[in-house]
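Chemist: can't give you the sequence, but here's the structure:
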């Protein structure tokens, strides 16, 4: 909602009439940042749900909240100069990687249970809970 309101505000500021693609460079930055965030959310939601369902809910939820704050930082950084958005982008990639690895660990644990009867769920939850605070390091 914040991204859409910024886009609408910049559109009205640059043209005065509704939403039009042609506008100032500030409008182009807001529009591009909004599109980038919109394209990244389906991937985020997929790995968030998989990590939460297959591995551990608490670290996945923590990583999900961190990702939302990072995308906010990316968006606000993109409104300035494009180089200001780079830290938010890189931080977001690291969080997506963490969630993806959690998903893979959950899938591997399922197959270990199915084929070999050994369950490493407690170990995986301990490791992910220990690693998740490391996401705070920029």
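Modeler: In hand now; what should we look at? Since this is a predicted model, take the numbers as computed values, not measurements.
Chemist: Any stretches of the chain with poor pLDDT?
Modeler: Using pLDDT under 70 as the threshold, the predicted model of the chain has low-confidence ranges 3-4, 7, 10-11, 13-24, 81-83, 138.
Chemist: Helices of that one, residue ranges please.
Modeler: 2-15, 25-54, 57-79, 86-116, 121-131 (DSSP state H).
Chemist: Specify the angle between the third one and helix 86-116 in degrees.
Modeler: In other words, helix 57-79. Angle, helix 57-79 to helix 86-116, by axes from the mean of the first three to the mean of the last three Cα atoms, to 10 degrees: 150 degrees.
Chemist: Helix 57-79 - contacts with which helices or strands?
Modeler: helix 2-15, helix 25-54, helix 86-116, helix 121-131 (3 or more Cβ pairs under 8 Å, 6 or more residues apart in numbering; DSSP states H and E). Any C-beta I mention is one placed from the backbone N, CA and C, and that applies to glycine too.
Chemist: Neighbours of residue 26, how many?
Modeler: By the other Cβ atoms under 10 Å criterion, the neighbourhood of residue 26 contains 12 residues.
Chemist: do the same with the one 3 residues further on
Modeler: Other residues within reach of residue 29 by the criterion other Cβ under 10 Å amount to 18.
Chemist: With the one 10 residues further on instead?
Modeler: Residue 39 is flanked by 9 other residues according to other Cβ under 10 Å.
Chemist: again, but for residue 35
Modeler: Burial of residue 35 is recorded as 12 neighbouring residues (other Cβ under 10 Å).
Chemist: What's the separation between it and residue 64?
Modeler: Residue 35 sits 21 Å away from residue 64, taking Cβ to Cβ, to the nearest Å as the criterion.
Chemist: for residue 109, same thing?
Modeler: From residue 109 over to residue 64 the distance is 20 Å, taken as Cβ to Cβ.
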